[in-house]
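Student: Quick one: sequence plus predicted model below, questions after.
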Amino acid sequence: MQRGLTSYGDAGFSLFLRKAFIKGAGYTDDALSRPVIGITDTASGYNPCHGNMPQLLEAVQRGILLAGGLPVRFPTISVHESFAHPTSMYLRNLMAIDTEEMIRAQPMDAVVLIGGCDKTVPAQLMGAASANIPAIQLVTGSMLTGSHRGQTVGACTDCRRYWAKFRADEIDEQEIAAVNNQLVPSVGTCSVMGTASTMACVAEALGMSLPGSATPPAVTADRIRAAELTGTKAVWLAQSSLTPKRILTEQAFNNAFRVLLAIGGSTNAIIHLAALAGRVGFGFDLDALDRMARETPVLVDLKPSGEHYMEHFHAAGGMAALLRELKPMLALDAMTVTGRTLGQELDDAPPAHVQQTVRARATPIYPEGGIAVLRGNLAPGGAII
C-alpha cells in the first residue's frame, strides 16, 4: 500500500488517507498488509474474445488468495478487432498507455495482465515493460471450432473462405447464414493461428506467461487452472525482484522470433515485437530475422498455413511440444516468469506423445519460416510478408 503514494506533502498523511479510503471497501489491516496484486479487467460487451473474463478473474483471485496475496482488479480499455473503427492499431497504443499509467498510478506489488484479442496482449506487455514492476500475462484462450456440413470451421481463415464462395455464387444466402452461426461457436480468440493466437504463443516464448498457458481454449478447465496458477505465481513474483526488463532480454526476443516462424504466425507480431523491444531498449534487426526465417521451418500444422486449429495444437502438447522440437535453436538459459530458465521448464514439461499437429524438424510443413524480409526500391528499409 505504500508504493507510489499520492503527494500530499506528508508521506505519513498520504498513507493514512489512502488506507482510510480503501477501508471504506471493507478491507482489514491484515488484508492490506499482504502483497497487493493488481489484475487488469478487460471485459467488455463489445469484446467476445474476452467473454470468459468473469471466470478468469475469479480463478486468478482464488490463486492470489491461496498464496497469501490481496487481489485488486482494475479496468482498462478493451479492444476487439471487429468493433474498432476505423482501425485498431492506434488503440493498441492507447491501451498500452492506459495499462502502463494505471500500473504506475495505483499501489500494487505485481500485476496480472489478462487479455486475448489481437492488440491486447502486445499493448499489455508494452505497458508492463515500461512500468517495470513484476508482471505476468494470462491470455483468454481460443474459441472452440464449429461444424458446417461435416467440416470443421473456425474464425477467421474460414470466414474469408466462405465469404469468397458466397461472392462467387457458389453458396446461397441460406448457407452463408448457417456458416455465420458456426464460425464463432464460443467466446475466445480466433481458433486459427491469427494475431491473437500468435501473440499468445509469443508471450509464452518470451517467458512472460506460465509454461503451457498459451494454448488451452477459453472455455475449458485447463484455461481456468492456468488462471489460478497465474494468480499464485503473481504472489511469488511480488516478493521477488523479477521484473519484465529482466525477462525481456535479447535472448527472449530471439526465442520469440523462432517460435513466430515455426508456428507460421501473423506478420502483425513483427510490429508488436518491434514496439515491445523499443520499450526495453532493443533495436530491431530485419537482417537477423531474415536469417532466422531461412533456417527455421514451419512445424505447427494450423490454419492458415496448415489444416488444424488451436484446440488441436493444445491437444498435441501445446508450446512444450513445439519448443522441444526447436530446442537446438533456442536460448535455453533465457529467464521466464517462473524464476526458472526456459531449458529448466522444458526439462520438466510433460513427455511427448504421438500426434499430427506439431511436426518434427525432419518433416516440416515448410522448410523455411512463414515470414520473409524483402528489400527493393518500393521498400528500401525492408518489408515483411
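Tutor: Nice, thanks for sending it over.
Student: buried stuff in stretch 237-253?
Tutor: In terms of neighbour count (16 or more other CB atoms under 10 Å), stretch 237-253 has its buried residues at 237-238, 242-244, 246-249, 251-253. In short, each C-beta sits where N, CA and C put it, glycine included.
Student: cool, stretch 373-385 as well?
Tutor: Buried residues in stretch 373-385 (16+ other CB under 10 Å): 373, 384.
Student: try stretch 347-364
Tutor: By neighbour count on 16+ other CB under 10 Å, the buried set for stretch 347-364 is 349, 357-359, 364.
Student: low-confidence ranges in this structure?
Tutor: Along the chain, no part satisfies pLDDT under 70.
Student: that older thread, please list the members of the buried residues of stretch 237-253 that lie in helices.
Tutor: Filtering these for membership in helices, criterion DSSP state H, returns 237-238, 244, 246-247, 251-253.
Student: Out of these, the closest to Ser44 would be?
Tutor: Pro244 (25.0 Å; CB to CB).
Student: out of the ones in helices among the buried residues of stretch 237-253, which one sits closest to Gly194?
Tutor: Phe253 (21.2 Å).
Student: show me the residues around that closest one that make contact.
Tutor: By CB atoms under 8 Å, 6 or more residues apart in numbering, the residues touching Phe253 are 206, 273, 277, 282.
Student: okay if I get these as JSON lines plus secondary structure and distance to Leu113?
Tutor: JSON lines is the format used below for the contacts of Phe253 (DSSP: H, G, I helix; E, B strand; the rest coil; distance: CB to CB, whole Å):
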{"residue": "Leu206", "secondary structure": "helix", "distance to Leu113": "12"}
{"residue": "Leu273", "secondary structure": "helix", "distance to Leu113": "16"}
{"residue": "Ala277", "secondary structure": "helix", "distance to Leu113": "18"}
{"residue": "Phe282", "secondary structure": "coil", "distance to Leu113": "20"}
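Student: check contacts around the closest residue in space to Arg359 that isn't next to it in sequence.
Tutor: Once flanking residues are discounted, Arg359 sits nearest to Leu299: 4.6 Å by CB to CB, 6 or more residues apart in numbering. Counting by CB under 8 Å, 6+ apart, Leu299 touches 262-263, 322, 325-326, 358-361, 364-365.
Student: try 6 Å this time
Tutor: Counting by CB atoms under 6 Å, 6 or more residues apart in numbering, Leu299 touches 262, 325, 358-359, 364.
Student: Show me where the stretch 251-385 of the chain has its helices.
Tutor: Along the stretch 251-385 of the chain, the stretches classed as helices by DSSP state H, counting those that start in this stretch are 268-279, 286-295, 310-315, 318-326, 342-347.
Student: circling back to that earlier point, which of the contacts of Phe253 ranks first by neighbour count?
Tutor: Using other CB atoms under 10 Å as the neighbour test, the contacts of Phe253 are led by Leu206, with 27 neighbours.
Student: Which single one of the contacts of Leu299 is nearest to Val219?
Tutor: Of all these, Val219 sits closest to Val358, with 22.7 Å by CB to CB.
Student: beta partners for that closest one?
Tutor: As for beta bridges, Val358 partners with Val300 under DSSP bridges.
Student: pretty sure it contacts Ala316?
Tutor: Yes. Look at Val358 against Ala316 with CB atoms under 6 Å: they come within range, at 4.9 Å.
Student: residues near Glu228, how many?
Tutor: For Glu228, using other CB under 10 Å, the count is 19.
Student: next one: Phe74
Tutor: Number of residues near Phe74 (other CB under 10 Å) recorded here: 15.
Student: what secondary structure does it sit in?
Tutor: strand (DSSP: H, G, I helix; E, B strand; the rest coil).
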